[in-house]
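Asks: Dropping a prediction and its sequence here:
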Amino acid sequence: MNQPKIGLLPLYVKLYDEVLPDLAAKMEPFIVQVENALAGGGLEVLVAPISRTRPDFANAVASFEAADVDTIVTLHLAYSPSLESAEVLAQTALPVVMLDTTPDRDFGRHVDPSLLLRNHGVHGLQDLACVLRRMGKPYRVVAGHWEDADLIRRCVSVVRAARAAHALRLMHALRIGDLFPGMGDFAVSDDVLRRVLGVTVKTIQPADLANAVTAVSEAAVDAEIAADRGRFRVDCSTEVHARSVRVGLGLRHYLEQGSYGAFSINFLSFRDATGPVNTVPFLECCKAMARGVGYAGEGDVLTAALTGALLQGFGATTFTEIFCADWAGQALFLSHMGEINSAETAATPVLRELEFRFTPTLNPATLACAPRPGAGTFVNLSPGPDDTFRLITAPVEVLPDGTHPDLKHWVRGWIRPAAPLPRFLEEFSHLGGTHHSALMFGDHVAALNAFAAFLKIEHCNIA
């Protein structure tokens, strides 16, 4: 799921074919070296023929679009005049990452001047970058020598950011139930989500899942229960487990049939204890994130779409919410009613019955666990004035699980921001952060700066 596919686009100049007809062939090994390095970094690489003129670039981009690549990565073999490629690259919906590298590492004062012609792509890249900026096309430049592992790591990271941004622009999100009454921070109109971010939203009620739930077979329920017993420590009755699985499988089928990359449920909308949709599918919310489908609670399709895009680009992401401040420990307590990415937990999750008091629906089975400790990135997509959005990030440490015996019944977690806790909280709310967020596992701040650039939104990092 998380292997991005790129189109590697070698740029060249037609003039050299006339005056130096053998040079292009001598650059082919360099293209192969870069291809292999990127593939070794975890990318699937589709290489276009060396492109020189506008028709060449148009054909290359069309082939990338037909192959459904996530990103175009340019490789500048020589000075390639920008007007041959810029308009074609500006018009495609595919993100553009510009790889600023050369065959030779050393070009110091002792250099053999005959090496110039195979190492001078940098000024062609600068020409193209300037023109793409003037055309309003988002792009990112990654510079360094192709043999450096850090260059490949950074390039792959930016490609993942591009993939996530592209995924958000194409996101279909499902809202089940209405927005939670009175919650205003993530309340953005469906029109604004579509027009500014590209996210399309469909809203249904829990009863609209009834046909999908009814169609779930007993064999499918039994198989899912058996699978759950292998991945969770089941501490609830078979009756409670089965009802949650049945409603969850119906929801899963509905999401798959509609090609939804993200969804949100408002638990207050689940009120029927006697029909097919007789419980809140918290368990399926956890499993969906583990499969790469975005989620957020309370009808928040904005954060659900963000989480889904990050899952598609990077994997290892969960929906979360700050509940309490641990001033003594300079940390924040994270929790929610029963939703966490079940693939990113510190230990085997416990599946338990939740005493559900909010509506007449029957008790669901929910997971209780903590996120796995280590480096993390806290991410928030904040709506602003005049239909704008701001991406807020913060490097954090995900702390080990808690020790109080009663915590075993909760979704729980602690993070320690890199910034002092009071300053983090002040800046987060001064920047307009919402109370629903995503937690990524690993340090992705630099990549998320690129993610915001591809989306043409502001990025603010709290560190």
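Replies: Done, it's in.
Asks: And the chain, what are its domain boundaries?
Replies: Annotated domains of the chain cover 5-169, 172-461 [automatic domain parsing].
Asks: Would you mind measuring the gap between the ends of the first one?
Replies: Right, domain 5-169. 17 Å (C-alpha to C-alpha, to the nearest Å).
Asks: just the last one next, same as before
Replies: One end of domain 172-461 sits 28 Å from the other (C-alpha to C-alpha).
Asks: residues of the helix or strand containing A162 that come out buried?
Replies: Secondary structure assignment for A162, by DSSP states H and E: helix 149-169. Residues of helix 149-169 classed as buried under the neighbour-count rule (16 or more other C-beta atoms under 10 Å) are 151-152, 154-168. In short, each C-beta sits where N, CA and C put it, glycine included.
Asks: coming back round to it: mind putting the domains of the chain into CSV with mean pLDDT?
Replies: CSV is the format used below for the domains of the chain (pLDDT from 0 to 100):
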stretch, mean pLDDT
domain 5-169, 93
domain 172-461, 97
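Asks: Tell me which of these is the most buried.
Replies: Of all the domains of the chain, domain 172-461 has the most neighbours on average by mean count of other C-beta atoms under 10 Å, namely a mean of 20.
Asks: Run the chain-centre distance for that domain.
Replies: Chain-centre distance of domain 172-461: 14 Å, with C-alpha atoms, centre = their mean, to the nearest Å.
Asks: do the same with stretch 27-34
Replies: The answer for stretch 27-34 is 31 Å, by C-alpha atoms, centre = their mean.
Asks: which outside residues touch it?
Replies: 8, 10, 12, 47, 50, 75, 77-78, 99, 101, 103, 118, 146 (C-beta atoms under 8 Å, 6 or more residues apart in numbering).
Asks: Equivalent analysis for stretch 143-161, please.
Replies: The contact list for stretch 143-161 (C-beta under 8 Å, 6+ apart) reads 2, 4, 6, 33-34, 37-38, 40-43, 70-71, 73, 97, 99-103, 105, 140, 142, 313-314, 444, 446-448, 450-451, 454.
Asks: and if you look at stretch 440-459?
Replies: Looking at what lies outside stretch 440-459 - C-beta under 8 Å, 6+ apart - the contacts are 95, 138, 140, 154, 157-158, 160-162, 164-166, 168-169, 197, 310, 313-314, 316-317, 344, 371-372, 374-379, 388-391, 393-395, 398, 461, 463.
Asks: C-alpha coordinates for stretch 35-51, CSV please?
Replies: Written as CSV, here are the backbone C-alpha positions of stretch 35-51 (Å, rounded to 0.1, in the frame of the first residue of the first chain):
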residue,chain,number,x,y,z
GLU,A,35,16.7,4.9,-11.0
ASN,A,36,18.3,2.1,-8.9
ALA,A,37,19.1,4.4,-6.0
LEU,A,38,15.4,5.6,-5.8
ALA,A,39,14.1,2.1,-6.2
GLY,A,40,16.5,1.0,-3.4
GLY,A,41,14.9,3.8,-1.3
GLY,A,42,11.5,2.2,-1.6
LEU,A,43,10.0,3.8,-4.7
GLU,A,44,8.6,2.1,-7.8
VAL,A,45,10.2,3.9,-10.7
LEU,A,46,8.9,4.4,-14.2
VAL,A,47,11.6,6.0,-16.5
ALA,A,48,10.6,8.1,-19.5
PRO,A,49,12.9,8.5,-22.5
ILE,A,50,15.2,11.5,-22.4
SER,A,51,13.1,14.5,-23.2
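Asks: what does that stretch rub up against?
Replies: 3-12, 24, 27, 31, 56-57, 59-60, 63-64, 67, 69, 73, 77, 80, 84-85, 146-147, 152-153, 155-156, 159.
Asks: Now intersect those with the strands, please.
Replies: K5, I6, G7, L8, L9, P10, L11, V73 (DSSP state E).
Asks: Make JSON lines out of those and add distance to H435.
Replies: Listed next are these as JSON lines, based on distance: C-beta to C-beta, whole Å:
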{"residue": "K5", "distance to H435": "36"}
{"residue": "I6", "distance to H435": "36"}
{"residue": "G7", "distance to H435": "39"}
{"residue": "L8", "distance to H435": "42"}
{"residue": "L9", "distance to H435": "42"}
{"residue": "P10", "distance to H435": "47"}
{"residue": "L11", "distance to H435": "46"}
{"residue": "V73", "distance to H435": "37"}
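Asks: Relative to L174, which of these is nearest.
Replies: Among the ones in strands among the contacts of stretch 35-51, K5 lies closest to L174 (C-beta to C-beta), at 26.1 Å.
Asks: Could you pull up phi and psi at D406?
Replies: Phi and psi for D406, reported as degrees, to the nearest 10, are phi -80, psi -10.
Asks: got it, and H120?
Replies: The phi/psi pair for H120 (degrees, to the nearest 10) is phi -110, psi 30.
Asks: What residues does it make contact with?
Replies: A78, Y79.
Asks: can you pull out the strands in the stretch 201-350 of the chain?
Replies: 233-235, 262-265, 294-297, 317-320, 322-326, 331-336, 350-353 (DSSP state E, counting those that start in this stretch).
Asks: List the pairing partners of the fifth one within its sheet, with orientation.
Replies: Read it as strand 322-326. In the sheet, strand 322-326 lines up against strand 331-336 (antiparallel) (DSSP bridges).
Asks: Could you do the shortest one as well?
Replies: Using DSSP bridges, strand 233-235 pairs in its sheet with strand 350-353 (parallel).
Asks: Moving C-terminal from the strand it pairs with, which element do we reach first?
Replies: strand 365-368.
Asks: G294: which of the ones in strands among the contacts of stretch 35-51 is nearest?
Replies: For those, the nearest to G294 is K5 (20.4 Å; C-beta to C-beta).
Asks: Report the beta-bridge partners for that closest one.
Replies: With DSSP bridges as the rule, K5 is bridged to E44.
Asks: Excluding chain neighbours, what is closest to the residue nearest the centre of the chain?
Replies: In the chain, the centroid-proximal residue (C-alpha atoms, centre = their mean) is L310; its distance is 1.2 Å. For L310, ignoring the flanking residues on the chain, the nearest one in space by C-beta to C-beta, 6 or more residues apart in numbering is T317 at 4.4 Å.
Asks: Check V216 too.
Replies: L249 is the one closest to V216 (C-beta to C-beta, 6+ apart), at 4.6 Å.
Asks: Just to check, the one you found is in contact with D222?
Replies: No. L249 is not in contact with D222 according to C-beta atoms under 8 Å; the separation is 11.1 Å.
Asks: and the helix or strand hosting G413, what other elements does it pack with?
Replies: With secondary structure defined by DSSP H and E, G413 is part of strand 411-417. In terms of contacts (3 or more C-beta pairs under 8 Å, 6 or more residues apart in numbering; DSSP states H and E), strand 411-417 is packed against strand 331-336, strand 365-368, strand 374-383, strand 389-398.
Asks: Turn those into TSV, including distance to V411.
Replies: Shown next, in TSV, are the helices and strands packed on strand 411-417 (distance: least, C-beta to C-beta, whole Å):
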stretch	distance to V411
strand 331-336	5
strand 365-368	6
strand 374-383	16
strand 389-398	14
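Asks: between the ones you listed, which gets nearest to S437?
Replies: Between S437 and those, the shortest gap by C-beta to C-beta is with strand 374-383, which sits at 4.5 Å.
Asks: quick check: angle from that closest one to strand 389-398?
Replies: Angle of strand 374-383 versus strand 389-398, following axes from the mean of the first three to the mean of the last three C-alpha atoms, to 10 degrees, is 160 degrees.
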